[in-house]
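Build me a model from this:
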Amino acid sequence: MKIVYIVNTRMPNQRAHGFQIAKTCEKFAALGNEVSLLYPYRKNDLTEDIFDYYGVQRNFKTETLGSVDFILMSRFLGVLAFYLQSVWFSFALIFKKFDEDSIVYTRDIFVAFIFQVKKYETIYNVHNWSKKREIFSRLLNKEIKVVCNSEGTKRKIVENGFKRVIAVPNGVDIEEYDMTADRENIRRKLNLPVDKKIAMYVGNLYRWKGVDTLIEAARAIQDPDILFVIVGGDEDDLKTYSQKADGIKNILFAGHKQKKEIPLYLKSSNVLLLPNSAATEESVHHTSPIKMFEYMASGVPIVASDLPSVKEVLNEGNAILVTPDDPASLAEGIRKVLENQTDALAKAQHAYEDVKKYTWREYAVKIMNFLKS
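The predicted structure follows:
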């Protein structure tokens with residue numbers, strides 16, 4: 001197949017969706033498809049190309065489309081900058097031609113609409129749902145094939161009349177976590193203390209990710225033998241959350257790390273945290289956290305929020321589930337792991353076995369089978 005993956009986002013970028021896009025292209029190509037990734041030209045402070053930044057194979061092509069970078073004007077235009085960017089990018093695509101047998105794969109509803117009108121086979125890839133998306137979805141023919149990231153998102157898509165829908169959760173390359181170095185040596189390499197128990201969170205510092213709850217759990221524990229390590233976040237986020245954590249001595253903000261470093265950080269910890277909030281529909285029903293699968297592949301015990309989106313994969317047999325938005329419950333879950341290593345490691349081993357069906361290769365295979373159906 002010839003697949004053109006069209007995204008309206010800066011590439012590469014530090015957010016999880018950028019990695020997910022690159023990994024999808026890599027795995028589609030690894031299955032023998034001719035894959036091209038098309039995205040708008042935008043100012044980028046990241047100097048590495050997509051392949052080096054995300055550590056993916058150079059087995060697909062990339063192309064940028066000339067675009068006015070309205071996002072640079074967001075300080076003055078606010079949310080209007082995003083819509084102007086989308087309109088400009090979509091307008092430019094009206095004149096873009098591909099081979100007639102190409103399949104257009106996109107996360108953008110306007111891109112899906114344009115290429116449906118242009119009579120290309122089009123696949124709409126949906127990673128969350130909202131009232132705004134529900135309104136704009138009326139542009140699309142309900143026979144379009146839709147790939148969702150979770151069963152919660154799929155239910156919303158089906159409720160809105162779409163008939164050809166599949167839910168495919170994100171994944172992980174398990175082999176990246178098959179390393180022989182022990183925890184102590186990994187910590188020395190990362191300049192982390194070897195004499196403490198580390199509770200770690202990896203990911204963006206959005207409010208719905210539960211970082212506020214994590215900080216309050218650290219405040220409640222205040223054990224000098226336990227260090228909370230938060231990996232991720234941009235400069236503004238780090239400033240905001242560092243202020244919120246003021247006075248907490250057992251917390252370390254490690255900042256953003258490249259994807260290739262993440263396996264080492266996960267392996268260095270004693271417990272991994274997925275404290276998603278119940279405050280948004282995205283967190284409760286629509287997310288499929290890449291970090292969840294990476295946590296599972298690491299072999300390290302997991303403490304996670306008891307939410308429907310999380311429980312599509314995690315359960316009491318492979319993780320400790322706690323009440324979302326409850327620092328005391330999160331703190332208790334952390335203590336359970338650190339005080340009962342036998343049970344915690346048994347759950348971690350169960351998680352490792354479970355994640356074998358959530359590899360990036362299986363992710364691509366399921367989507368390709370759906371495209372051929």
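
the strands in the stretch 151-300 of the chain, which residues?
In the stretch 151-300 of the chain, the strands defined using DSSP state E, counting those that start in this stretch lie at 164-167, 197-202, 226-231, 251-255, 271-274.

JSON lines for the ones you listed, including mean neighbour count?
To be clear about C-beta, it is placed using only N, CA and C from the backbone, and glycine gets the same treatment. Shown next, in JSON lines, are these (neighbours: other CB atoms under 10 Å):
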{"stretch": "strand 164-167", "mean neighbour count": "18"}
{"stretch": "strand 197-202", "mean neighbour count": "22"}
{"stretch": "strand 226-231", "mean neighbour count": "22"}
{"stretch": "strand 251-255", "mean neighbour count": "18"}
{"stretch": "strand 271-274", "mean neighbour count": "26"}
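
ok, and for stretch 300-308, which residues are buried?
300-307 (16 or more other CB atoms under 10 Å).

hang on, the earlier thing: can I get the strands of the stretch 151-300 of the chain in TSV with distance to Lys118?
Converted to TSV, the strands of the stretch 151-300 of the chain look like this (distance: least, CB to CB, whole Å):
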stretch	distance to Lys118
strand 164-167	19
strand 197-202	40
strand 226-231	43
strand 251-255	43
strand 271-274	41
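
Mean pLDDT and distance to Ser90 for these - can I get that in TSV?
Shown next, in TSV, are the strands of the stretch 151-300 of the chain (pLDDT from 0 to 100; distance: least, CB to CB, whole Å):
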stretch	mean pLDDT	distance to Ser90
strand 164-167	98	23
strand 197-202	98	34
strand 226-231	97	35
strand 251-255	95	35
strand 271-274	98	35
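
With respect to Arg58, which of the ones you listed lies nearest?
When these are compared by CB to CB, strand 197-202 sits nearest Arg58, at 26.1 Å.

Figure out how far that closest one is from the centre of its chain.
18 Å (CA atoms, centre = their mean, to the nearest Å).

packing partners for that strand?
Applying 3 or more CB pairs under 8 Å, 6 or more residues apart in numbering; DSSP states H and E, we find strand 197-202 packed against helix 211-221, strand 226-231, helix 262-267, strand 271-274, helix 327-339.

ok, now with 10 Å
On a contact count with 3 or more CB pairs under 10 Å, 6 or more residues apart in numbering; DSSP states H and E, strand 197-202 meets helix 211-221, strand 226-231, strand 251-255, helix 262-267, strand 271-274, helix 290-298, helix 327-339.

Serialize the ones you listed to CSV and add fields for distance to Ile166.
Shown next, in CSV, are those (distance: least, CB to CB, whole Å):
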stretch, distance to Ile166
helix 211-221, 32
strand 226-231, 32
strand 251-255, 37
helix 262-267, 28
strand 271-274, 25
helix 290-298, 18
helix 327-339, 33
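
Please name whichever of the ones you listed is nearest to Trp88.
Nearest of those (CB to CB): helix 290-298, 29.2 Å.

Show me how far the closest one is from its chain's centre.
Averaged C-alpha coordinates place helix 290-298 at 11 Å from its chain's average position (CA atoms, centre = their mean).

quick one: low-confidence parts of the stretch 251-373 of the chain?
Applying pLDDT under 70 to the stretch 251-373 of the chain flags no residue at all.

before we move on, the earlier item: do you know which of the strands of the stretch 151-300 of the chain lies nearest Glu184?
If you check each of these against Glu184 by CB to CB, strand 197-202 wins as the nearest, at 11.7 Å.

what ranges do the helices span in the stretch 101-250 of the chain?
Using DSSP state H, counting those that start in this stretch, the helices found in the stretch 101-250 of the chain span residues 109-117, 131-136, 151-159, 183-190, 211-221, 235-244.

wait, which of these is closest to Tyr124?
Counting by CB to CB, Tyr124 lies closest to helix 109-117 out of the helices of the stretch 101-250 of the chain; the figure is 4.5 Å.
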